[in-house]
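> build me a model:
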Amino acid sequence: MIENDSPRLDAVFRALADPTRRAMLRRLAHGEHSIGELAQPFAMSLAGASKHVKVLEAAGLVRRTVQGRTHRCRLDGSRLAEAYHWLRDYEPFWADHPDAREGLLRADDAAGAAGHRHNRDRD
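Presented below is the predicted three-dimensional model:
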């Protein structure tokens, strides 16, 4: 059982609060990527991408290996599973309100798209 005051759970939700980090996790769900590959869609520096990866690592969501000068990242889903188990207690609230769930999903997608546009506009 996951405690409400778990520092590990707090770190996961803090890491997931940022749309850039959520997008990075989404990419890592499809396979391993280098820091440069994770930075590319956001037109951010390697240092900026590395800071995001460090937050994901601290939350236990990403594992990094170093191959020469290349840092390779892969998703570690165990902490996501812990967050899911905590959220599952609230499933009756969203399961009974499918329209609200659909609205939240659309808002999250729109926020992600806006973040990508914002990062492209900075170039």
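> let me see the contact set for Met24.
Leu38, Ala49, His52, Val53, Leu56, Val62 (Cβ atoms under 8 Å, 6 or more residues apart in numbering). C-beta: built from backbone N, CA, C; applies to glycine.
> redo that, cut-off 10 Å
Contact analysis of Met24 by Cβ atoms under 10 Å, 6 or more residues apart in numbering lists 15, 18, 33, 35, 37-39, 41-42, 49, 52-53, 55-56, 61-62, 73, 75.
> filter those down to the buried ones.
Among the contacts of Met24, those that count as buried by neighbour count (16 or more other Cβ atoms under 10 Å) are 15, 33, 35, 37-39, 42, 49, 52-53, 55-56, 61-62, 73, 75.
> okay but Leu75 is in contact with Glu32, surely?
Yes. Counting by Cβ atoms under 10 Å, Glu32 is a contact partner of Leu75 at 8.5 Å.
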